[in-house]
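[1] Give the three-dimensional model of this entry:
(2 chains)
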Amino acid sequence: MRFIHSAEQQLIRESARSFLAEHASPARVRAAMSQPGGYDGQLWQVLSGELGWTGLAIAEEYGGAGLGWVELCILQEEQGRRLAASPFFGTVALAAPLIAATGTPAQRHSLLGRIAAGSVRIACALGGSDGRPPCAGVAVQRETCGDGFSLSGHSDFVIHADSADLLLVLTRAKAERGAGSLAVAVLPARSSGITIEPHVMLDLTRPMSRISFDDVRVEREQLLGEQDSAEAGIERALNLARIALASEALGGAEQVLEMTSAYARERVQFGRPIGSFQAIKHRLADMMIAVEAAKSAAWYAACVADEGSEELAEAAAIAKSCCCDAFFDCAANAIQLHGGIGFTWEHDVHLYFKRARALATLLGSPAWLRERLARLIASGAAPTPVF
Amino acid sequence: MRSGFTAAEERFRVEAINWLEAQLSGPFRDLRGVSSMSSPLERRKQWERALGEARWSCIGWPQEFGGRDASLAEQVIFAEEYARSGAPGRIGHMGVELAGPTILAFGTEEQKRRLLPPIARGEQFWCQGFSEPNAGSDLANVRTRAVSEAGADGAQWRVNGQKTWTSLAQFSDWCFALCRTEELSRGHRGLSYLLIPMRQSGVTVRPIRQMTGEAEFNETFFVDALTAAGNILGAPGEGWKVAMATLSFERGVSTLAQQMGFRNELQAIIAAAQANGMIDDPDIRQRLAHAHAGLKVMRYSALRMLAGVAAGTLSNEAYTYKIFWATWRKKLGVLALDVLGPRGEIAAQPPYAWDLLPHLFLGSRADTIYGGTNQVQRNIIAERALGLPREPRG
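    Next up is the predicted model:
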């Protein structure tokens, strides 16, 4: 029984926490919100450079530190606490596992090496304009054209697209009948035929864009891996990314719980700190119950990711639904318990509330993930033999 | 950090499975799946003695008192396999899980040698005498009085008062009870933790019928009941501290075994939904998935708690565990009846006996009350884990 972070993992958490307290302060996050690209360039430079965070979970043969998803999720959790505005998730927790799961050895070597070195930012265009989670809503078509392909269509809700160097685009082959095969194309974000239109999003700390592809030419080598065999790899990568998002949501939930408990201890009304009233106490207790459940779910899923267990899809669905629900409930309660000040632009709590909503939507909402779980249950695939 | 058990721990699991299977397919096959008190008492006692003889009764205890010095992980594994095998609910559990650990922690050498081996061998059974009609959530409001006096066989305690919710009292040889031993004391001061023989004329047990229709627990009346002066754990007046330790043993290893029972209930609901087509209802699907996720989260949390106990770093998750499972199971009971539809409201047999799932619906209403109500749990979480100011108390 070793379901507890090691001393080394604890050290990673502590150093990340103290670094982010300084370099992802609320003032820095707010400044990044109004920057072009919507992220903190200086923060990105330090964490991808001297701190080596982008290579933490990348194999040593590609220039990474060779640690695992447990360690990466610690960084996600700590960044979630601070709403750190950086392209870390898209590049490191979504693009990297997609490349690792679907790329050829040469592609892995080159692309993962660049991620590990912190020399590239990658945005992933995986869904269509209806925002359905991949792979259901793929709306970029891949048509054979000479030795290569032509891509047409559009993808929406692409995180940090307007500041990316490279795009990973999930494409579906044009087929006469039925659904064509899926493949991931990698191409420079400024390729000819690509138009990127940033939205103003509910969550200002994580910008998203719509991308149009108008006869964008790619070579055969720009498709990751072998064609027709991508789907299982994509699914694995998406589950890893969901676990990373769950960890981020967990960090956000922990932070709003701490902010709100501190406020309830200090704020005096009717001659008493409001935290001495049971109406307030019980809400905060419910927040903590949700946070502790979310911790168990996120940490367990991160272990499963590293152990290569068959539980991955189930653990990812449980972690993301549980953590995103917890974060949303905690952030919503945090506004209520802060009273009027909680509704102001000046107070940070609305930033958490908005991040909570945006995280819930990304890569499958809690309800969508529960429907996936229901399918596992109905098919008898879960509950699993060892519980 | 790893999610599961080590290879050595898994080998221990195989040993446990082998013994349980041999018993429950052989001499005790009539007891497999028995959960209520409906089966004959004598068979249940035979089962307890068989566990004791094979040293599976209290594996975490020291060998000299009938245990195996098993590690926490081994205790968890045995508890899981015990529940998975369908072995019967243990009539010895108050002694094995509550009285025994408290005696190990606070008893004198003489008390340990005298009281522990009969528990481990399945020869003596215990019940808990904490709650009273006016001491529920406010447990420190105990009024049962014990007075020290000289008796024919030496010094003794004379006990008068009423305890309630005493599960298994009708089968018990001993009761561990909180009694007020200091005249005019109030609250948690002046209480002592006495061990009282149940088989004497001063003790009367009267069953209480519950909303399920069954009578699992009792009222216990002490009218000039006697116990020897040596039958006290801790010093006179320090009973509260000892009782709090007993309550802390109530959580812990048994939680994973308890979850195995929850899993059986959830599987029965899924099977019912598949049989009557409710499995296709979108709302039911969401709720089944929610229940499944909650059950898994409980398992993850239990693994976290136990790893924390082993590493000496138990923290906040321990405070939230009870309210989480109790709230989860109450919801599960409602889901069960929603899946069953009107048929779930027909009793299995007269006068008022219920099948597993309707029984879950009724029985789970107690989960958020006993062992600390959800309201008390929230106060504890808010005050101890979140550091919020205490409620002013009268």
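[2] Model confidence for residue 89, exactly?
    Assuming you mean chain A. Note on A:Phe89: pLDDT of 98.
[3] sorry, should have said chain B
    Note on B:Gly89: pLDDT of 84.
[4] just the one 4 residues further on next, same as before
    pLDDT, the model's per-residue confidence, is 89 for B:His93.
[5] Distance of it relative to chain A?
    21 Å (CB to the nearest CB, to the nearest Å). In short, each C-beta sits where N, CA and C put it, glycine included.
[6] Please list all residues in contact with the nearest residue to that residue once chain neighbours are set aside.
    Closest residue to B:His93 apart from its sequence neighbours, by CB to CB, 6 or more residues apart in numbering or on different chains: B:Ser254 at 7.8 Å. Neighbouring residues of B:Ser254 by CB atoms under 8 Å, 6 or more residues apart in numbering or on different chains: B:79, B:93, B:97.
[7] I'd assumed A:Ala183 was in a helix, is it?
    No - under DSSP: H, G, I helix; E, B strand; the rest coil, A:Ala183 sits outside any helix and is assigned strand.
[8] just checking, what's the longest helix in chain A?
    helix A:230-266 (DSSP state H).
[9] what's the next helix or strand after it in contact with?
    Per DSSP states H and E, the first helix or strand lying C-terminal to helix A:230-266 is strand A:268-269. If you take CB under 8 Å, 6+ apart as the criterion, strand A:268-269 is touched by A:Ile274.
[10] mean confidence score for strand A:268-269?
    Mean per-residue pLDDT for strand A:268-269: 97.
[11] Check the offset of that strand from the chain's centre.
    Distance of strand A:268-269 from the chain centroid (CA atoms, centre = their mean, to the nearest Å) equals 39 Å.
[12] Buried ones in the longest helix of chain A, by neighbour count?
    Within helix A:230-266, the residues scored as buried using 16 or more other CB atoms under 10 Å in any protein chain shown are A:230, A:233-257, A:259-261, A:263-265.
[13] name the helices or strands packed onto that helix?
    Counting contacts by 3 or more CB pairs under 8 Å, 6 or more residues apart in numbering or on different chains; DSSP states H and E, helix A:230-266 packs against helix A:69-82, helix A:96-102, strand A:182-188, strand A:272-273, helix A:278-307, helix A:312-338, helix A:349-361.
[14] And the helices in chain B, which stretches?
    Counting by DSSP H, the helices of chain B are B:7-25, B:41-53, B:72-84, B:93, B:100-106, B:109-120, B:239-249, B:254-276, B:282-311, B:317-340, B:356-363, B:374-380.
[15] Looking at the ones you listed, which is nearest to A:Ile280?
    A:Ile280 sits nearest to helix B:374-380 of all the helices of chain B, at 10.7 Å, using CB to CB.
[16] May I see the buried residues of the closest one?
    Applying 16+ other CB under 10 Å to helix B:374-380 flags B:374, B:376-380 as buried.
[17] Verify the stated contact: A:Ala374 with B:Leu288.
    Yes - counting by CB atoms under 8 Å, A:Ala374 does reach B:Leu288; the two are 5.8 Å apart.
[18] which parts of the stretch 151-300 of chain A sit against chain B?
    Residues of the stretch 151-300 of chain A lying near chain B by CB under 8 Å from any CB of the partner chain: A:257, A:261, A:264-265, A:272-273, A:275-276, A:278, A:280-282, A:284-286, A:288-289, A:292-293, A:295-297, A:299-300.
[19] Try it again at 10 Å.
    Taking CB under 10 Å from any CB of the partner chain, the part of the stretch 151-300 of chain A that reaches chain B is made up of A:257-258, A:260-262, A:264-265, A:272-278, A:280-300.
[20] So among those, which ones count as buried?
    Buried, going by 16+ other CB under 10 Å: A:257, A:260-261, A:264-265, A:273-277, A:280-300, out of those.
[21] What's the local residue count around the closest residue to B:Ser364 other than its chain neighbours?
    Using CB to CB, 6+ apart and skipping residues adjacent in sequence, the residue nearest B:Ser364 is B:Gly333, 3.9 Å away. Residues within reach of B:Gly333, counting by other CB atoms under 10 Å in any protein chain shown, total 21.
[22] next one: the one 4 residues further on
    Applying other CB under 10 Å, we find 18 residues neighbouring B:Leu337.
[23] for A:Leu126, same thing?
    Residues lying near A:Leu126 (other CB under 10 Å) number 26.
[24] nearest residue to it other than its sequence neighbours?
    A:Pro134 (4.0 Å).
[25] so where's the stretch 201-350 of chain B shaky on pLDDT?
    The stretch 201-350 of chain B contains residues with pLDDT under 70 at B:250-253, B:314.
[26] show me the contacts for the residue positioned nearest the centre of chain A.
    In chain A, the residue lying closest to the centroid (CA atoms, centre = their mean) is A:Leu245, at 3.8 Å. By CB atoms under 10 Å, 6 or more residues apart in numbering or on different chains, A:Leu245 lies in contact with A:73, A:76, A:80, A:89, A:93-94, A:298, A:316, A:319-320, A:323-324, A:358-360, A:362-364.
[27] Pop the domain breakdown of chain B in here.
    Per automatic domain parsing, the structural domains of chain B span B:7-91, B:126-237, B:251-385.
[28] which ones are touching the residue nearest to B:Ala155 when sequence neighbours are not counted?
    Leaving out its chain neighbours, the residue that sits closest to B:Ala155 by CB to CB, 6+ apart is B:Ala229, at 3.6 Å. Counting by CB under 10 Å, 6+ apart, B:Ala229 makes contact with B:148-151, B:153-157, B:194, B:236.
[29] Which two of those residues have the greatest separation?
    For these, the farthest-apart pair by CB to CB is B:Asp153 and B:Pro236; their separation is 19.2 Å.
[30] list the contacts for B:Glu48?
    With contact set as CB under 10 Å, 6+ apart, B:Glu48 has these partners: B:57, B:88, B:90-93, B:95-96, B:119-125.
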